[in-house]
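**Q** For reference, the sequence and a predicted model appear below.
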Amino acid sequence: MAHPVAVDVHQHLWSPRLVDRLRARSRAPYLRGWTLHLDGERPFEVDPAAHDVDRRVAADRAAGIGTAVVGLSSPLGVEDLDVPVAGPLLEAHHRDVADLPAHFRGWAATTATDPDLGLLAGLLAAPRFVGLQVPATWVTTPAAWDRLAPVLAVVEAAGAALLVHPGPEPARPGAADLPPWWAPVLGYTAQLQAAWWGWHAAGARRSHPTLRVAFAAAAGLAPLLAERQALRGGGSLLGRGVVDPDVFLDTSGHGPRALEAVVRAVGVDALVLGSDRPYADPLDHLLDPAATHAVRVTNPARLLGAATTTATPGEGARRGRHHDRDPQPDPQPDPRRRAPGGA
């Protein structure tokens, strides 16, 4: 690739101040060395090399990524801690994002209880932050979306974006005996599905007409449940052929087969590149060159509010506008495509 142009809207980078804060803690979430301890998951060995800034920039550029947006790892549960405890951890995240090279942008974070809306507005006014990341566990029902309205209003007023990211898994008996993939595959996807359906059931678009919202990991493939939702009495909550142009799904955690199914459900215009790096590599191809350009370049610019987009004309770029037609047969998988994997 001649030069990096794509935008990866979903990465994580463990920053020095945040690491120090987590190592100083004695209750979850905390670090012992590079071993992460959480209440609802098995201890996780963090690879420090994966969070080396220079290596990350080099890896991104090799993958054609010109800008990477990093957010707090919401499964840590930092945003759910009491304000006096969460405050220093969030400050560490924000200060470290501000100190990163220009290659990086950041998602701001706030607390579940008594969020500081003035502080949030100030962060979103800084060019380094593109928007706010919230845990999916905050918005798993329509009423929960309604309760978050004051926070959403600040994001919307700033012209910023919202990223809904998996939150912490609850501690449950036998969690230590579960395989390490259990929470990412089952727990995280269930959170995201509930958050995506909660947004639509709440009619949140009526209250926030200009808010741009992205759901990590393709919202746990929630759009693929539309037929089941309709069969179970959902009626016209998601009318045939109706797609909100300001609701996006990032590609993290899924490969081409799942993402192609999502395209058939909501169109390619809804997909944005999100890798969850360092836990997976960015998606480098989907369907055809026009669709790939839309997912990696054009759609992230729309999500992040870029003044101009660089849409590529052609069938792939238009596919999202024609998803209300009768579905076409699934394309044959290309063995040369690299699945992005993910959490």
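**A** Here it is on my side, so go on. Numbers count the residues shown, from 1 in each chain.

**Q** All the helices of the stretch 201-343 of the chain, in order from the start?
**A** With DSSP state H, counting those that start in this stretch, the ranges of helices along the stretch 201-343 of the chain come out as 204-207, 226-229, 256-266, 289-293, 299-303, 315-318.

**Q** tell me the most buried of the ones you listed?
**A** helix 299-303 (a mean of 23; mean count of other CB atoms under 10 Å). For every residue, glycine as well, the C-beta is placed using N, CA and C.

**Q** Please save the CA atoms from that one in CSV.
**A** Once non-C-alpha atoms are left out, helix 299-303 reads as follows in CSV (Å, rounded to 0.1, in the frame of the first residue of the first chain):
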residue,chain,number,x,y,z
ASN,A,299,-17.4,5.4,6.6
PRO,A,300,-14.9,6.1,9.4
ALA,A,301,-14.7,9.7,8.1
ARG,A,302,-18.5,9.9,8.3
LEU,A,303,-18.6,8.5,11.8
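
**Q** tell me what it is packed against?
**A** Helix 299-303 is packed against strand 6-11, strand 212-215, strand 247-250, strand 271-272, with contacts defined by 3 or more CB pairs under 8 Å, 6 or more residues apart in numbering; DSSP states H and E.

**Q** Same list, those strands, but as CSV with distance to Gly174 please.
**A** Output for those, formatted as CSV (distance: least, CB to CB, whole Å):
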stretch, distance to Gly174
strand 6-11, 30
strand 212-215, 29
strand 247-250, 31
strand 271-272, 36
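
**Q** Quick one: those strands as JSON lines, columns for distance to Val134, mean pLDDT and mean neighbour count too.
**A** Shown next, in JSON lines, are these (distance: least, CB to CB, whole Å; pLDDT from 0 to 100; neighbours: other CB atoms under 10 Å):
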{"stretch": "strand 6-11", "distance to Val134": "13", "mean pLDDT": "98", "mean neighbour count": "26"}
{"stretch": "strand 212-215", "distance to Val134": "10", "mean pLDDT": "98", "mean neighbour count": "26"}
{"stretch": "strand 247-250", "distance to Val134": "14", "mean pLDDT": "98", "mean neighbour count": "27"}
{"stretch": "strand 271-272", "distance to Val134": "17", "mean pLDDT": "98", "mean neighbour count": "28"}
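
**Q** Of these, which is nearest Gly159?
**A** strand 212-215 (8.8 Å; CB to CB).

**Q** Return the list of strands paired to the closest one, each annotated with direction.
**A** Sheet pairing of strand 212-215 (DSSP bridges) gives strand 161-165 (parallel), strand 247-250 (parallel).

**Q** what does the longest one contact?
**A** This means strand 161-165. 9-10, 71, 74, 107, 130-136, 139, 152, 155, 192, 195-196, 211-216, 219, 250, 303-305 (CB atoms under 8 Å, 6 or more residues apart in numbering).

**Q** just the shortest one next, same as before
**A** Contacts made with strand 247-250 from outside it, assessed by CB under 8 Å, 6+ apart, are listed as 9-10, 163, 199, 205, 212-219, 223, 262, 266, 270-274, 299, 302-303.

**Q** Distance to Arg32 added to the strands paired with strand 212-215, as CSV?
**A** Shown next, in CSV, are those (distance: least, CB to CB, whole Å):
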stretch, distance to Arg32
strand 161-165, 25
strand 247-250, 31
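
**Q** closest one to Val295 among those?
**A** Val295 lies closest, by CB to CB, to one member of the strands paired with strand 212-215: strand 247-250, at 9.4 Å.

**Q** Spatially nearest residue to the residue nearest the centre of the chain (excluding sequence neighbours)?
**A** Closest to where the C-alpha atoms of the chain average out (CA atoms, centre = their mean) is Ala216, at 3.0 Å. Spatially, and ignoring its direct neighbours in sequence, Ala216 is nearest to His165 (4.8 Å; CB to CB, 6 or more residues apart in numbering).

**Q** picking that back up, I'd like the helices of the stretch 201-343 of the chain written out as TSV, with distance to Gly187 and mean pLDDT added.
**A** Output for the helices of the stretch 201-343 of the chain, formatted as TSV (distance: least, CB to CB, whole Å; pLDDT from 0 to 100):
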stretch	distance to Gly187	mean pLDDT
helix 204-207	23	94
helix 226-229	20	85
helix 256-266	18	95
helix 289-293	30	96
helix 299-303	25	97
helix 315-318	33	31
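
**Q** what's the closest of those helices to Leu283?
**A** Comparing these by CB to CB, helix 256-266 comes nearest, at 7.4 Å.

**Q** So which elements touch that closest one?
**A** Packing partners of helix 256-266 (3+ CB pairs under 8 Å, 6+ apart): strand 271-272.

**Q** Parallel or antiparallel, list what pairs with the strand it packs on.
**A** strand 247-250 (parallel).

**Q** re the thing from before, contacting residues around the residue nearest to the centre of the chain?
**A** So Ala216 contacts His10, Ala136, Leu163, Val164, His165, Pro166, Leu192, Asp250, Ser252, Gly253, Gly274, Asp276 (CB under 8 Å, 6+ apart).

**Q** Tally up the residues packed near the last one, please.
**A** Put plainly, it is Asp276. Neighbours of Asp276 under the rule other CB atoms under 10 Å: 26.
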